[in-house]
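Chemist: Just the structure for this:
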Amino acid sequence: MAKPLVSIIIPAYNEEKVIECLLASINNQSYPRIESIVIDDSSTDGTFKTASRMATVAIKRKHAERSIQRNFGASKAHGQYLIFLDADMELTSDVVSECVQTIQKDSTIGAIAIPELPIATNHLEKIKAFERSFYSDFGDPDTDAARFFPKKIFDQIGGYDTSLTGPEDWDLPENVVRKGYKVGRISSRIKHYERIRSILHLLKKKYYYGISSHRYFKKHKLSLIGPKTIYFLRPIFYKNWQRLVQNPGLTVGMIVVLTLEQFFGGLGYLVGRITKA
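Modeler: You can find the predicted model right below:
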């Protein structure tokens with residue numbers, strides 16, 4: 001029996017420095033039936049040229065938020081299953097195979113989270129990689145965002161909520177759970193290159209993501225005081241306190257960076273809520 005086709009969807013803007021590595025890792029997967037779909041967000045560099053050479057399908061579109069581009073890519077997909085990736089990622093060889101095996105073994109699974117292996121080069125990236133290592137190494141239901149979905153379920157839900165930018169990665173799997181499915185998790189990892197240019201770049205992104213977050217909290221009737229919003233309320237850190245103690249420099253750096261992110265994300269939330277952005 002032929003294995004089901006898996007469609008991998010990648011929105012990209014000016015990613016010529018990293019997208020070749022991602023597409024090479026897709027083409028080297030142990031799973032035999034994959035189509036890769038790159039949605040180029042009006043790049044001005046060589047992203048589209050590389051995608052046209054290495055991906056199954058490359059489509060250049062006018063600029064739009066990533067949820068819109070992801071949904072468009074899904075509409076062009078022929079696969080029974082969908083995986084949504086960022087251009088600065090790299091798959092280890094068995095990611096797709098393990099996702100398919102996991103979901104086919106359990107019909108109650110409607111989405112799969114894939115742990116990430118953060119790749120850092122500068123000190124700020126190392127601090128963020130240290131934080132994210134807690135989520136990836138131990139699994140964290142408060143922060144895990146699924147990337148693998150059966151296309152049938154994705155279409156039933158209506159795809160990504162295009163009114164959200166940032167929280168949409170949490171919103172979609174939560175909508176899957178509302179449909180009565182559960183979120184699975186595999187052990188194979190995605191390498192994720194942090195690429196944080198500066199603290200200002202990071203905080204601007206947190207502010208921007210915060211602007212639409214008021215819609216997410218209202219939609220899911222979530223409290224503003226909880227582990228999704230207040231980083232320091234996440235049990236994953238305290239359950240694994242030994243790692244914090246063993247890495248005092250990174251721990252202090254993480255506390256400082258998370259405090260700044262908390263402030264700027266909260267500021268974005270307030271601006272978005274007041275202006276109804």
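Chemist: how about the longest helix seen in the chain: buried residues?
Modeler: Looking across the chain with DSSP state H, the single longest helix is helix 248-275. Neighbour counts over helix 248-275 (16 or more other C-beta atoms under 10 Å) mark 250-251, 253-255, 257-258, 261-262, 264-266, 268-269, 272-273 as buried. All C-beta atoms are positioned from the backbone trio N, CA, C, and that covers glycine.
Chemist: on contacts alone, who are the packing partners of that helix?
Modeler: Where contact means 3 or more C-beta pairs under 8 Å, 6 or more residues apart in numbering; DSSP states H and E, helix 248-275 is packed against helix 123-138, helix 199-211, helix 213-219.
Chemist: Determine the angle, from 0 to 180 degrees, between that helix and helix 123-138.
Modeler: Relative orientation of helix 248-275 versus helix 123-138 (axes from the mean of the first three to the mean of the last three C-alpha atoms, to 10 degrees): 90 degrees.
Chemist: got the angle for helix 248-275 vs helix 199-211?
Modeler: Using the same axes, to 10 degrees: helix 248-275 against helix 199-211 is 40 degrees.
Chemist: So for helix 248-275, mean pLDDT?
Modeler: Mean pLDDT, computed over helix 248-275, is 97.
Chemist: can you give me the strands in the protein?
Modeler: 6-12, 34-40, 57-60, 81-84, 89-91, 109-113, 116-119, 148-150, 182-185, 190-193 (DSSP state E).
Chemist: The first one pairs with which strands, and in what direction?
Modeler: Same thing as strand 6-12. Paired strands of strand 6-12, with direction, are strand 34-40 (parallel), strand 81-84 (parallel) (DSSP bridges).
Chemist: The ones you listed: which one's closest to residue 240?
Modeler: Among those, strand 81-84 comes nearest to residue 240, with 28.0 Å by C-beta to C-beta.
Chemist: Rounded mean pLDDT for that closest one, please.
Modeler: pLDDT averaged over strand 81-84 gives 98.
Chemist: How about residues contacting it?
Modeler: The contact list for strand 81-84 (C-beta atoms under 8 Å, 6 or more residues apart in numbering) reads 4-10, 70, 73-74, 96, 99-100, 103, 147-151, 154.
Chemist: hmm, back to that, what about the helices and strands packed on helix 248-275, which gets the closest to residue 192?
Modeler: Of the helices and strands packed on helix 248-275, the one closest to residue 192 (C-beta to C-beta) turns out to be helix 123-138, at 7.9 Å.
Chemist: got the CA coordinates for the closest one in CSV?
Modeler: Taking C-alpha atoms only, helix 123-138 is exported to CSV below (Å, rounded to 0.1, in the frame of the first residue of the first chain):
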residue,chain,number,x,y,z
HIS,A,123,24.9,35.3,23.5
LEU,A,124,21.4,36.5,23.2
GLU,A,125,20.5,33.5,21.0
LYS,A,126,22.1,31.3,23.6
ILE,A,127,19.8,32.8,26.3
LYS,A,128,16.7,32.2,24.2
ALA,A,129,17.9,28.7,23.3
PHE,A,130,18.4,27.9,27.0
GLU,A,131,14.8,29.0,27.7
ARG,A,132,13.4,27.0,24.8
SER,A,133,15.4,23.9,25.8
PHE,A,134,13.0,23.5,28.7
TYR,A,135,10.0,23.3,26.3
SER,A,136,11.7,21.1,23.8
ASP,A,137,13.5,18.7,26.2
PHE,A,138,10.6,18.1,28.6
